[in-house]
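**Q** mind folding the following:
(chains A, B and C)
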Amino acid sequence: MNEIRDSRQVVARRWAGMVAAGSMVGALGIGIVAPAASAQAPGVTSTSITLGATVPLTGPAAPGYDEIAPAMDAVFAWANAHGGIYGRKINYVYLDDGYNPANTATLTRKLVLQDNVFADVGSLGTPTQAAVQGFLNSQKVPQLFVESGCNCWSDPKYPESFGWQPPYTVEGKILGSYIASHFAGQKVGYLYQDDEFGQDFVKGLNMELPAGAVVSQQTYDAATLSGPLSNQVAALKAAGAQIVAMATIPAATALTMLPAASIGYFPQYVMSNVGDDAPTVGPLLEAFTRAGHGSASEVKAAAGLLNGVISDAYFPPEAQIANPWVKVATKLLKDYAPSLYAKAGLDENTEYGVALAFTVVQALQAAGKNLTRAGLISAIEQSGKNFVTPGFVPLSYSTGDHYGFQGAEVVKLTTSAAPAVTPTGNWIGAIPITRVQVTNVGSAPVTTYTGKIELPPSSLVSTS
Amino acid sequence: MSLFVNITLDGITQGMIFASLALALVLIFRATRIVNFAQGAMAMMTTFIASTLLDKGLGYWWTFVVALAIGFVLGALVERVLIRPLEGKPELNPVIVTIGLVIVLEGIAGAVYGNSSRGFPAAYSQSGLVVGHTKIAFSHFDVFILVAVLLLMAANLVLFRVTTLGLRMRAAAFAREVSRLLGVRVGILLTLGWALAGVAGALAGLLTAPTSSFGPYFMDLVLIYAFTAAVIGGLESPVGALVGGLITGLCISYVGGYLGSGLEPLGALVLLMVTLTARPQGLFSRPSARVV
Amino acid sequence: MTETAPANVARAELGSTSGESPPPQHYWARFARQPLARHLAVALFGAVVLYFVTSALSPYNNVLVGEIALYVVALAGLSVLTGTSGQISLGQGAFMAVGAYTVALLMNHTQMSFILELLAAIGAAAALGLLIGISATRLKGPYLAGVTLLLALALPPIADKWSSTFGGDQGLTTTVPSAPGNINPEQWLAWIELAGALITLVLLANLLTSRFGRSFRAVRDDEVAASLAGVHVARTKVTAFVVSAACAGLAGAFLGLSTGVVSTGEFPLTLSIELLAAMVLAGAGSLIGMWWGAILLVYVPQWSTSLSGDFNLGAGMSAYLATIIFGVVLIVVMIAAPTGIQGGLRWAWEHVGKASKDWLAARVAGPGRARAHSAQLPSNRGDHQSAPVHDSLNQ
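**A** Residues are numbered from 1 along each chain as shown, chains lettered A, B, ... in the order given. Purely as a prediction, here's the structure:
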């Protein structure tokens, strides 16, 4: 309690303060030397192209999504092993932002200002990428193929940004249209994540479903998700919903189906492909089956929980092991990312990564030998429609459209289909129950796709 | 009506799990006056180890017992290695050490077990019991949760009120130096307190895992609500842990069920502030005398 | 500096304004004794140094410097609240969120000047701090921790609930006022944030040397004794809360500017917890020491990228490795050096300084004089090892 500050303490304080300042300068000074400017575009040399991304590798958002970037890396490794892009090897730098937009902002500035990446490719998340959309566009750095179904990636104010996966509204419209035509007259309930993902999905549903059909709308908050969504399920049951349209992440899918089964509520589930991946949801539900420790009836109940679930798919489901794209993707992963394959196999996330990386490779090739950022953007806008990807519909890119896939087929998870075989087990497979449907984010109707569905080029099949 | 019943039953089940973890916090606080923020992460660790054992083929009940034993050992280890050196140091330091422990444990779990999605089995069927003609939101497993936590509370009560060991532990916690003078081995008993808390925490982990998204962070929210429950009940009172747990569980269930999801923490905050305004030391704490 | 220790103690007990020695003869020395002048001088010196530093750094490093500055503001406020005033708060992130959203809302809906917007952010956060502080006056240690923990958890989702106002997932964009001349925007923002940090430190330093600072410490050490001595305990505690919340509000506003967007994902519970940990690691109760804490907070995420290269680990593994190392460092420092980095530096300075002074005196004056010299040093040197962390680190 001696308030006297004798001179030693004063000096000690100031000395410590200067050390602090000095060390800080020293620590940062390491970064003072900027890389030498090259005549070529940033991130491009005669032998390499450096691409950057920010994805959640740790934290609650990481499970599953941390597989996508390594899967992309596998495709890039394959491309590099086969001559690269006009002799340039792709160097993919992906950093962990933990799904926190503040981290994304810092890391993206690092990638652009310090690491001089050529483009930001395959970064994940709506809030995270929305935080850097302005920065990337003002720096004229392409923000390509954002891993999010937000409508915001196709915006004339932000010409550098491109989406890739079907916008959630498109999914909602396709599934909504299916419900309206095949379950007419039945009561529908919504259960959706209370953010952009769920709200955009519901927007799409509402465009296709008649007003009186929806009897209950339940939401959940992803950040505070910790246990079963029993209250939401109870409310849906109380309202008598026979169809439950869901926009949920896999964890929330499991945390919906478990309490529903436990109160004997088995509605027809119609869910966004975000939350339907059997190898991801399956292990979570399997716990339900091990209750009673292996009684046969409980085990059957597990497959029964997912059996009949309706969802959508915009590239071949991984369970269709005879599909040429699935074969190609599986071989690529086995050859170029063996540890990833051993851990996860070909599940929705790794297949997503492979498909996205194919798009990247073709985009870079289309941009030509003289690789510039502006050239890449116009190459995607001009030739994006012709890229050969596992997607059922062509990418919709044009000067006015940066959305990506705007079509999908409706699938049903069923025990009568061949199961998806992964290192963690065999999980229920999926079969298509409609032809591929196309629509857009706006008011266009949902129509059947009549175009060609591309097979992998023979060069890919033979050399992979 | 049935919605109300289901929401209430759900709140009770959740509340019992909170009570179990809150008991762990109370045991530690009583013994060493520290809030162990790592209790949830420690429970997560024991549950992950249990999951590995299950994968290797060990039966569920054997795994259950082993997990509790590991919780015991882990609690003792943490006290001896990390907390004992802090005796006499400022009271903020153990808080930071336990926070550091959370970071380390969650990092290890993330690195070793990866981010793969996995489930954890429940002790009994999670299918709802049938009352009348409807299945209610209360399953065999929920009954097990209720019984297990009550047994834990009862064992705790018996230990502390009836046995000599419990008396010694209470003495060691209440008046350390005097107990030492009277020959009580204070150090060992503090470690024992942490070890027993570790068992309660491990139980909470095993009861939570089947119905959660089982990953390195699955106990985080449970810990926060358990802390709330312990504070509401009074950080020194095991009965308070039980009552606080039930109140918190019900509050969260009603808020989430009737007002909308995402508002549960706000509901818990309001509950906490209302309780502490009326009784700043929690519901069941003895009011401390003003020292003048 | 020639008076003996007992005389100083007597003067402090009699309540002289600063408890220091009688004003020395020289004008400059008297000037240097005034706390405000001293703090301003240090801040000015710091400003000059930082000007040259930021001008020499690359744009990305200026981004990091700016972030360090904003965390200094948040940590300094927390240091006053928890270190000096003894109230544990696990909710600093909630006040930061209030400041950030205030600034973002004003930027999107009004034409207010930038400075006014910052002041509004500070004010809004301070208002919440007032509310929480008032309800928390009767709460002790862990009970207060529980309330602030829940506050940090409960507040951000409110923005998600009313997403049309608060921007939902995409958040609300912020705009930094344009830089004058051709200063690059990263450097300009770093200057703004550094100015904020220096001003905050000067204000807090003055606060702590004033009677408010003494009241804070008195209430922390013994509430009853403080109350008997005439300190209004509740008012003091609330003041500390308001001050800390105001700092967090400014820091939150800066975080919003730095990120470019304000959304709830920027304020997870881990933010509040990391702030507390970094503050204690840096030295609870200190102000200038908070630069260490801020440096840690900004650099830990950077480690993982370099680790991944060094050890050739997968990116996910190395990210977890970085957090494991951070946690271990936290534990080890808390056990080995409870007064944190700043306390450790101070200890080192005093012991190295004393040892070298002894050595020097022995060389110069011979054995007798050296012994007399060391007898003059105050005996509270020993306090530094075992005193409560807050005691030895006044600003």
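
**Q** kindly report the residues of the stretch 151-300 of chain C close to chain A.
**A** Counting by C-beta under 8 Å from any C-beta of the partner chain, the stretch 151-300 of chain C comes close to chain A at C:153, C:156-157, C:160-161, C:163, C:168-171, C:173, C:186, C:214, C:217, C:221, C:255, C:258-261, C:263-266, C:268, C:288-289, C:291-292, C:295, C:298-299. C-betas here are computed from N, CA, C, even on glycine.

**Q** just the buried ones out of the residues you listed, please.
**A** Neighbour counting by 16 or more other C-beta atoms under 10 Å in any protein chain shown classes C:153, C:156-157, C:160-161, C:163, C:168-171, C:173, C:186, C:214, C:217, C:255, C:258-261, C:263-266, C:268, C:288-289, C:291-292, C:295, C:298-299 among those as buried.

**Q** tell me which of those fall in strands.
**A** Under the assignment DSSP state E, these contribute C:T173, C:V261 to strands.

**Q** out of the residues of the stretch 151-300 of chain C next to chain A, which are inside helices?
**A** C:153, C:156-157, C:160-161, C:163, C:186, C:214, C:217, C:221, C:255, C:258-259, C:291-292, C:295, C:298-299 (DSSP state H).

**Q** near chain B, from those residues?
**A** Among those, the residues within reach of chain B (C-beta under 8 Å from any C-beta) are C:L153, C:P157, C:D160, C:K161.

**Q** quick one: those residues as JSON lines, columns for pLDDT too.
**A** Converted to JSON lines, those look like this (pLDDT from 0 to 100):
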{"residue": "C:L153", "pLDDT": "92"}
{"residue": "C:P157", "pLDDT": "86"}
{"residue": "C:D160", "pLDDT": "85"}
{"residue": "C:K161", "pLDDT": "84"}
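
**Q** how about the contacts made by the closest residue to chain C within the stretch 151-292 of chain B?
**A** Closest contact between the stretch 151-292 of chain B and chain C, by C-beta to the nearest C-beta, is at B:P265 (3.7 Å). Taking C-beta atoms under 8 Å, 6 or more residues apart in numbering or on different chains as the criterion, B:P265 is in contact with A:T224, B:I224, C:L150, C:L153, C:A154, C:P157.

**Q** roughly how far is the strand or helix carrying the third one from the heart of the chain?
**A** Under the criterion DSSP states H and E, the helix or strand holding C:L150 is helix C:141-161. For helix C:141-161, the separation from the chain centroid amounts to 21 Å (computed by C-alpha atoms, centre = their mean, to the nearest Å).

**Q** helices and strands around it, which ones?
**A** Helix C:141-161 sits against helix B:220-233, helix B:264-278, helix C:92-109, helix C:114-135, helix C:269-283, with contacts defined as 3 or more C-beta pairs under 8 Å, 6 or more residues apart in numbering or on different chains; DSSP states H and E.

**Q** relative to helix C:114-135, how tilted is it?
**A** In terms of direction (axes from the mean of the first three to the mean of the last three C-alpha atoms, to 10 degrees), helix C:141-161 departs from helix C:114-135 by 130 degrees.

**Q** re the thing from before, of the helices and strands packed on helix C:141-161, which is nearest B:A137?
**A** helix B:264-278 (17.0 Å; C-beta to C-beta).

**Q** the closest one: which residues count as buried?
**A** B:E264, B:P265, B:L266, B:G267, B:A268, B:L269, B:L271, B:L272, B:M273, B:T275, B:L276.

**Q** ok, those residues vs A:D96, which is closest?
**A** B:P265 (26.0 Å).

**Q** and that closest one, how far from A:A102?
**A** Relative to A:A102, B:P265 is positioned 21 Å away (C-beta to C-beta, to the nearest Å).

**Q** before we move on, what about B:R33?
**A** Taking C-beta to C-beta, one finds B:R33 at 35 Å from A:A102.

**Q** pick out whichever of these two has more residues nearby.
**A** Between B:R33 and A:A102, A:A102 has the larger neighbour count (other C-beta atoms under 10 Å in any protein chain shown), namely 26 against 14.

**Q** are we agreed that that one is in a helix?
**A** Yes: according to DSSP: H, G, I helix; E, B strand; the rest coil, A:A102 belongs to a helix.

**Q** mind checking pLDDT for the residue nearest to it when sequence neighbours are not counted?
**A** In this structure, A:A102 finds its nearest non-sequential neighbour in C:E266, 4.3 Å apart by C-beta to C-beta, 6 or more residues apart in numbering or on different chains. We have a pLDDT of 95 for C:E266.

**Q** same check on the one 5 residues further on?
**A** According to the predicted model, the pLDDT of C:L271 comes to 93.

**Q** cool, C:A94 as well?
**A** With respect to pLDDT, C:A94 has a value of 96.

**Q** sounds good, over and out.
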